[in-house]
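coords please:
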Amino acid sequence: MLFFHNKRKYSIAIPTSTAIILYMMKQNFFPTLNSALESEGLLESWALNFPPLSYDSTYSYTFDDGSKHGHYVSVYRDSGGRYERPVHYKR
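Predicted structure coming up:
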């Protein structure tokens, strides 16, 4: 069992197996665009001439990965400035 203490001074006990699963879960929001792209191995696909991503907006692009139709990437930035893990797939 692992014990956690919150601000209200309550102790929370969770089984170790649950704690391991929580630790291994993927992070879905990142403080920088670079960290969000790197989380999916897409940092090299970002071109320097792409426009800056405004708050609460999405930017999508396709890059040449050697496949017939390329690789599609969509990045979202929320109203707080955090970047969501990119959605990407081969076209």
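
what's the offset of stretch 32-43 from the middle of its chain?
Stretch 32-43 sits 7 Å away from the centroid of its parent chain (C-alpha atoms, centre = their mean, to the nearest Å).

Endpoints of that stretch, how far apart?
Across stretch 32-43, the terminal residues are separated by 12 Å (C-alpha to C-alpha, to the nearest Å).

what does that stretch rub up against?
Here stretch 32-43 makes contact (C-beta atoms under 8 Å, 6 or more residues apart in numbering) with 26-27, 29-30, 45-46, 53, 73, 75, 77, 83-86, 88. Glycine gets a C-beta too; all of them are placed from N, C-alpha and C.

how near is the spatially closest residue to residue 91 that is not a sequence neighbour to residue 36?
Among residues not flanking residue 91 along the chain, residue 69 sits closest, at 3.7 Å (C-beta to C-beta, 6 or more residues apart in numbering). Separation of residue 69 from residue 36 (C-beta to C-beta, to the nearest Å): 24 Å.

just the strands in this structure please.
2-5, 11-14, 29-30, 57-63, 71-77, 83-84, 87-90 (DSSP state E).

could those strands go into JSON lines alongside mean neighbour count, mean pLDDT and distance to residue 41?
What follows is those, written out as JSON lines (neighbours: other C-beta atoms under 10 Å; pLDDT from 0 to 100; distance: least, C-beta to C-beta, whole Å):
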{"stretch": "strand 2-5", "mean neighbour count": "10", "mean pLDDT": "51", "distance to residue 41": "32"}
{"stretch": "strand 11-14", "mean neighbour count": "10", "mean pLDDT": "59", "distance to residue 41": "32"}
{"stretch": "strand 29-30", "mean neighbour count": "16", "mean pLDDT": "94", "distance to residue 41": "14"}
{"stretch": "strand 57-63", "mean neighbour count": "14", "mean pLDDT": "95", "distance to residue 41": "12"}
{"stretch": "strand 71-77", "mean neighbour count": "18", "mean pLDDT": "95", "distance to residue 41": "11"}
{"stretch": "strand 83-84", "mean neighbour count": "18", "mean pLDDT": "96", "distance to residue 41": "15"}
{"stretch": "strand 87-90", "mean neighbour count": "13", "mean pLDDT": "90", "distance to residue 41": "9"}
